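>>> what would the 3D arrangement of this be:
(one chain, ligands or ions: 1)
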Amino acid sequence: MDTFKALLLEQPDGLLQASIKQLPLSALPAGEVLVAIAYASLNYKDGLALTGKGKIARHYPLIPGVDFAGTVKESQVATFKPGDQVILTGWGVGERHWGGFAQLARVKAEWLLPLPKGLSLQQAMGFGSAGFTAMQCVLALEEHGLTPGEREVVVTGAAGGVGSCAVALLAQRGYNVVASTGRPSTHPYLRELGAKAFLAREVLASQKRPLESERWAGAVDTVGGTTLAGLLSTMTHGSSIAVCGLAGGSGLETTVFPFILRGVNLLGIDSVMCPFPRRQIIWERLAQDFPLELLAKMTQIAPLESLLGLAKTIVDGQIQGRIIVDVNAEG
Ligand SMILES: NC(=O)c1ccc[n+]([C@@H]2O[C@H](COP(=O)([O-])OP(=O)(O)OC[C@H]3O[C@@H](n4cnc5c(N)ncnc54)[C@H](OP(=O)(O)O)[C@@H]3O)[C@@H](O)[C@H]2O)c1
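As a prediction, the model looks like this:
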């Protein structure tokens, strides 16, 4: 393959342009391992990069796509050899470094993980950064004392990518999951993933007092803003919120009362720079704990060509579950 297909972001004259291009192999950045990509996935951050709504791309031209799964074609290191199946999430790929929305990527060896046992390349990108982050959230909550029981655990932005994975993971582990969503049409889907009850998006976002009645034993928050403020005021004593997203806003107006009167913990979750040994644990847990028949229910497959339209859809909060990108499909 002398050339490869990629979705390229450019900014001639300050205007963002995204187009599918055939690029020469020599255009790829330096790196130890050349990977033939099979699948990438569409994450919220990619939506921001492709629409220009968030400052994700650190330079242009850039191939976006914060994760991918594929097969090693060439390697300059002993740890990977041609034919190995590998995955990558984060590390600034698709932001600083050319990413997954292409048929080839050249990256640092230390960013790659062997494909977790029990998963196909396609399933690995069914999870992608979103599933990885959801698992990080669940682990963090459990490490801070959350155990399955009667009390409810809420997931905000529940019908999105991280949200769907978090709902299914928590339900599988025996938690009483409440899905907070702005889309009542997704209730049957979320029920299939394991949600026991639903909360309209506005309920959390409209809590006004610093402390309201205690309700949640734990929370995964993908929304931020007024939703996170509302969560803080309704957490039970000593409980924790795993905070990973800003789909509803990056600001946070709150008081110290939930922290000093109820001992509530805010657990920050960052998937991008998550250390390597922790990544291995997270992927092993995903491969072991996540019911793959549910993963199939929450994923759709799309070609590179459809990404520009889908980017707007994800930023508008209208994707249900996860989009796997088949970079070799004809668009
Ligand atoms: N910290 C990390 O390392 C990390 C990793 C991955 C993702 N993230 C972040 O997590 C968030 C979710 O990512 P994703 O890939 O799951 O995106 P997604 O698929 O678009 O899901 C976001 C969900 O949030 C809800 N939502 C959207 N706009 C909203 C608004 N204005 N107000 C309230 N709720 C809104 C929607 O769910 P409902 O329709 O169900 O309400 C939407 O489906 C993003 O902010 C992303 O940047 C962070």
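>>> how many other residues sit next to the residue of the stretch 101-250 of the chain found nearest the ligand?
Nearest to the ligand, among the residues of the stretch 101-250 of the chain, is Gly160, at 1.8 Å (Cβ to the nearest ligand atom). For the C-beta atoms, the positions are set from N, CA and C on the backbone; glycine is no exception. The local packing count at Gly160 equals 28, with neighbours defined by other Cβ atoms under 10 Å.
>>> residues in contact with it?
Tyr44, Ala130, Thr222, Ala247, Ile314, Gly317, Ile319, Gln320, Gly321 (Cβ atoms under 8 Å, 6 or more residues apart in numbering).
>>> quick one, phi/psi of it?
Backbone torsions of Gly160, given as degrees, to the nearest 10, read phi -80, psi -170.
>>> for Ile20, same thing?
The phi and psi torsions at Ile20 (degrees, to the nearest 10) take the values phi -80, psi 130.
>>> could you do Glu150 as well?
For Glu150, the backbone dihedrals (degrees, to the nearest 10) come out as phi -70, psi -40.
>>> just the pLDDT at it, thanks.
Confidence at Glu150, expressed as pLDDT, is 87.
>>> how much space separates it from Ile319?
Counting by Cβ to Cβ, to the nearest Å, the gap between Glu150 and Ile319 amounts to 32 Å.
>>> cool, Asp270 as well?
Between Asp270 and Ile319 the distance, using Cβ to Cβ, works out to 22 Å.
>>> higher neighbour count, the two?
Residue environment comparison for Asp270 versus Ile319 gives the larger neighbour count to Ile319, 20 against 10, counting by other Cβ under 10 Å.
>>> the longest helix in this structure is where?
With secondary structure taken from DSSP state H, the chain has its longest helix at helix 121-143.
>>> tell me the helix or strand right after it.
Per DSSP states H and E, the first helix or strand lying C-terminal to helix 121-143 is strand 152-156.
>>> any part of that following strand near the ligand?
No. Contact of strand 152-156 with the ligand (Cβ under 6 Å from any ligand atom) is absent, the minimum separation being 6.9 Å.
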